[in-house]
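In: Provided below for reference: sequence and predicted model.
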Amino acid sequence: MGKGRGDSGTLEWKVNIPGGRSETLEPESRFFGRMWRRLRGMVEGFLLKIWRFLEKAWGIGVAEPRKLVHCVKVGLALSVVSLFYYMRPLYDGVGGNAMWAVMTVVVVFEYTVGATLSKSINRTAATFLAGSLGIGIHWVATQSGERFEPIILGFSVFILAALATFSRFIPSVKTRFDYGASIFILTFSLVSVSGYRVEKLIELAQTRLSTIAIGTSLCILTSMLFCPIWAGNELHSLITHNLEKLSDSLHGCIAEYFHQNETEASGGEDCSKKLQGYKCVLNSKGTEDSMASFAIWEPAHGNFNFRHPWKQYLKLGASMRSCACCIEALNGCLDTEIEAPEFLKDHLQDVCMILSSCSSKVLKELMITMKAMRRSSKIDFFVGEMQSAAQDLQNAMTSLPNTLPVPPPDTAKGEPGIKTTIPPLMKVLPLATLVSLLIEIATRIEDIVDNVDKLAGLAEFRPAKDEKRKQNQSTITPISENQDHETTAAIQKV
């Protein structure tokens, strides 16, 4: 061990280690200082993560305030149903089974009215059916004697549970009654097993059914009366926004390919989001299916009747995803390493931009039609423009010259020579792929137009403004003719 001076002039202790090395001994104050800095860094990092989480939660609440409203509704429903435990008269009415009402509210209350109705009806119906069957089978088992009673009960649980589980694999049952089938299995098993030891089985089943009915009715009333969120309205808004995203993505892809986005360079992030909007359309199938299945349970509200054609929305969404697949392939042409010759791009740039603009107009007009739920008087004109632009693009592609005049390298005599060059096939393929995809997108947009037209007929959209004017003119002209006839007859009499 030795003593020396460090760089700063302070004394420090060193320990000699075999091998000719030495280590400096640090004072305890430095050790504790480093530990304190580490501990403070960990605490600050933890607090920073909490702060970022709170900022993210605040952003979600500001962006979608309806989620906050849903949280308030759930808290309100739970507070009201808890009164059955806090107030003695209500507790004496339902007894210890009041907890089933609380559990029902926690399990059944969903974000939309349709989902809440679906779970409530499934839970109530399954509980009633399973309880009735359980009581009936229990009576049959008790009449058979103590020897055969457990055999009958066990066999009935096996058969009905197996059948109910198999029904969950049927697509039509799974989409609407999957939750009800699981509740049926649970309730029937509880009633059958507990009925073997419990004497007052009917009274137990009645109290549980009544508490479940209280919980479901409270969920339905709270969901429908306080700021309701309708699944049908959510589905309609989703389809409308997806049409707009398809329009922006299509126009953005073509403009990006032909380098026409310089004017939009200021909003780089917004342009990139619009360009990738087709991905939201591709990923919306699960949401559309769930919203359509929940919307069937909802009563008439707003512009949606009781038997609104929700299945047609699924067909429209499928046609939109088919168009989005082509836009995804079109977007892949932007990242290709093989560049088409500039003279080929110049030859097809105008017609491609015109076709993309016409296609975007059609999608925008369909979005306006869906948003206002009114038939469009311009859609036929826009579709005709799109078809004409697609035909022009096909004509431009077929008339694409294979040989172009270029000046030869040696022009000593001053006379322009002509040299024919054929562009390589690999350089022509990316542009040909883009043109074929653009024409295919126009064809699939026509399919979207047909589906929107079918939806407008089934949902009874309001007529277009021009049609209203024609109807008003047709009703005004006979009235004016009758008035003229009456005036002439009065003049003749005078």
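Out: Nice, thanks for sending it over.
In: mind listing what residue 125 touches?
Out: Going by Cβ atoms under 8 Å, 6 or more residues apart in numbering, residue 125 touches residue 180. Just so you know, the C-beta spots here come from the backbone N, C-alpha and C atoms, and that holds for glycine as well.
In: buried stuff in the helix or strand hosting it?
Out: Residue 125 belongs to helix 113-143 when assigned by DSSP states H and E. Neighbour counts over helix 113-143 (16 or more other Cβ atoms under 10 Å) mark 113-124, 126-128, 130-131, 133-135, 137-138, 141-142 as buried.
In: Mind listing what's buried along the helix or strand following that helix?
Out: Downstream of helix 113-143, the first helix or strand assigned by DSSP H and E is helix 149-167. Within helix 149-167, the residues scored as buried using 16+ other Cβ under 10 Å are 149, 152, 153, 156, 157, 160, 161, 164, 167.
In: what's the angle between helix 149-167 and helix 113-143?
Out: 150 degrees (axes from the mean of the first three to the mean of the last three Cα atoms, to 10 degrees).
In: what residues does helix 149-167 touch?
Out: Residues from elsewhere that reach helix 149-167 (Cβ under 8 Å, 6+ apart): 133, 137-138, 140-142, 144, 173, 177, 181, 184-185, 188-189, 192-193, 195-196.
In: can you dump the C-alpha coordinates of that helix into PDB?
Out: Output of helix 149-167 as PDB, limited to C-alpha atoms (Å, rounded to 0.1, in the frame of the first residue of the first chain):
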ATOM      1  CA  GLU A 149     -79.900 -38.900  -9.700                       C
ATOM      2  CA  PRO A 150     -76.100 -38.200 -10.100                       C
ATOM      3  CA  ILE A 151     -76.000 -40.300 -13.200                       C
ATOM      4  CA  ILE A 152     -78.800 -38.400 -14.900                       C
ATOM      5  CA  LEU A 153     -77.300 -35.000 -13.800                       C
ATOM      6  CA  GLY A 154     -73.800 -35.900 -15.000                       C
ATOM      7  CA  PHE A 155     -75.000 -37.300 -18.300                       C
ATOM      8  CA  SER A 156     -77.200 -34.200 -19.000                       C
ATOM      9  CA  VAL A 157     -74.200 -31.900 -18.200                       C
ATOM     10  CA  PHE A 158     -72.000 -33.900 -20.700                       C
ATOM     11  CA  ILE A 159     -74.600 -33.900 -23.500                       C
ATOM     12  CA  LEU A 160     -75.700 -30.200 -23.300                       C
ATOM     13  CA  ALA A 161     -72.300 -28.900 -22.700                       C
ATOM     14  CA  ALA A 162     -70.900 -30.800 -25.700                       C
ATOM     15  CA  LEU A 163     -73.800 -29.600 -27.900                       C
ATOM     16  CA  ALA A 164     -73.500 -26.000 -26.800                       C
ATOM     17  CA  THR A 165     -69.700 -26.100 -27.400                       C
ATOM     18  CA  PHE A 166     -70.200 -27.500 -30.900                       C
ATOM     19  CA  SER A 167     -72.700 -24.800 -31.800                       C
END
